[in-house]
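Chemist: For reference, the sequence and a predicted model appear below.
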Amino acid sequence: MRGRGMAAVLAGTALATALTGTARADDGLAGFHNQRIDWHRCQNGPDDEAGRELDAAKAQCAEITVPLDYGRPDGRTIKVAMSRLKATDPAHRRGTLLYNPGGPGVPVTYLALMVKKAVPEVAARYDLIGMDPRFVGRSTPLNCGWPTPIVGSAGPDRRSFDRTTALARDLASRCAAQRDVLPYVSTRDTARDMDVVRAALGERKLSYLGSSYGTYLGAVYLQLFPGRADRVVLDSAVDVDRYGPDLARHQGPA
């Protein structure tokens with residue numbers, strides 16, 4: 001992998017000694033792991049420029065089925081969308097590499113093409129996978145009808161603070177109808193979706209490239225599935241001990 005600015009290059013077995021917790025037996029997940037993937041063209045319509053570019057690059061797109069709640073794999077299911085760019089040097093192919101650029105909440109199906117353009121030597125040896133995280137992009141949607149995607153700053157005075165508080169209440173109320181789904185919009189469930197992708201692709205191990213929030217997602221995957229990771233790059237890593245609602249508070253002084 002090009003560049004010395006990568007925050008960490010971690011083998012799954014090495015990180016297993018640093019992170020606690022492993023995946024439990026995959027009770028009830030065999031059907032998801034062994035599902036057939038129906039690959040198709042990526043362009044969804046005449047205005048889908050990203051899909052057109054993916055098709056021009058000979059990418060394939062598909063949707064896999066995953067449990068909404070991994071604690072109840074026989075219950076409700078959702079779809080997770082992904083794209084695949086096959087290794088350009090199949091004679092020296094090492095495996096499959098999944099990419100997540102951060103966010104969270106960023107569609108990735110198209111961005112796998114950016115990885116191919118940026119580091120063609122990686123694209124030569126890996127099938128590149130861009131997986132839209134659950135409820136993002138082309139995956140099963142979750143729409144609360146928000147007029148704005150962020151709350152923003154509390155501002156300099158009480159009046160601006162009250163406006164921000166009112167906006168936060170409004171956004172929260174718009175998601176009230178989704179209360180049965182919201183508990184499963186989580187990094188752990190997204191990491192579990194990644195492992196279903198790995199298994200459905202027929203791969204014994206998965207390589208991974210993540211930046212920003214994607215480094216946290218990668219760390220969680222390695223915590224859950226330390227024996228199922230091959231090569232992992234965490235670029236611009238976030239502090240896993242601080243990631244969550246209080247992350248911005250710690251960034252304030254800087």
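Modeler: On my side now, so go ahead. Residues are numbered from 1 along each chain as shown.

Chemist: Mind jotting down where the strands sit in the stretch 151-254 of the chain?
Modeler: 206-211, 229-235 (DSSP state E, counting those that start in this stretch).

Chemist: Which positions within the top helix by length along the chain qualify as buried?
Modeler: Criterion DSSP state H: the longest helix present in the chain is helix 158-174. Of the residues in helix 158-174, 167, 171 count as buried by neighbour count, 16 or more other C-beta atoms under 10 Å. (C-beta placed from N, C-alpha, C; glycine too.)

Chemist: Kindly export that helix (C-alpha atoms) in CSV.
Modeler: Output in CSV follows, covering the C-alpha atoms of helix 158-174 (Å, rounded to 0.1, in the frame of the first residue of the first chain):
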residue,chain,number,x,y,z
ARG,A,158,-28.6,31.6,24.9
ARG,A,159,-30.8,32.5,21.9
SER,A,160,-28.6,30.5,19.5
PHE,A,161,-28.4,27.6,22.1
ASP,A,162,-32.3,27.6,22.3
ARG,A,163,-32.6,27.5,18.5
THR,A,164,-30.2,24.5,18.3
THR,A,165,-32.0,22.7,21.1
ALA,A,166,-35.3,23.2,19.3
LEU,A,167,-33.9,21.8,16.1
ALA,A,168,-32.5,18.8,17.9
ARG,A,169,-35.9,18.1,19.4
ASP,A,170,-37.5,18.4,16.1
LEU,A,171,-35.1,16.0,14.4
ALA,A,172,-35.5,13.5,17.2
SER,A,173,-39.3,13.7,17.0
ARG,A,174,-39.2,13.0,13.2
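
Chemist: and that helix, what's its mean pLDDT?
Modeler: Mean pLDDT, helix 158-174: 93.

Chemist: Same question for stretch 200-216.
Modeler: When pLDDT is averaged over stretch 200-216, the result is 96.

Chemist: What count of nearby residues applies to Arg138?
Modeler: 22 (other C-beta atoms under 10 Å).

Chemist: Is it correct that it is in contact with Gly130?
Modeler: No - contact criterion C-beta atoms under 8 Å: Arg138 and Gly130 do not qualify, at 10.0 Å.

Chemist: so what does the longest helix of the chain touch, helix or strand wise?
Modeler: Applying 3 or more C-beta pairs under 8 Å, 6 or more residues apart in numbering; DSSP states H and E, we find helix 158-174 packed against no helix or strand.
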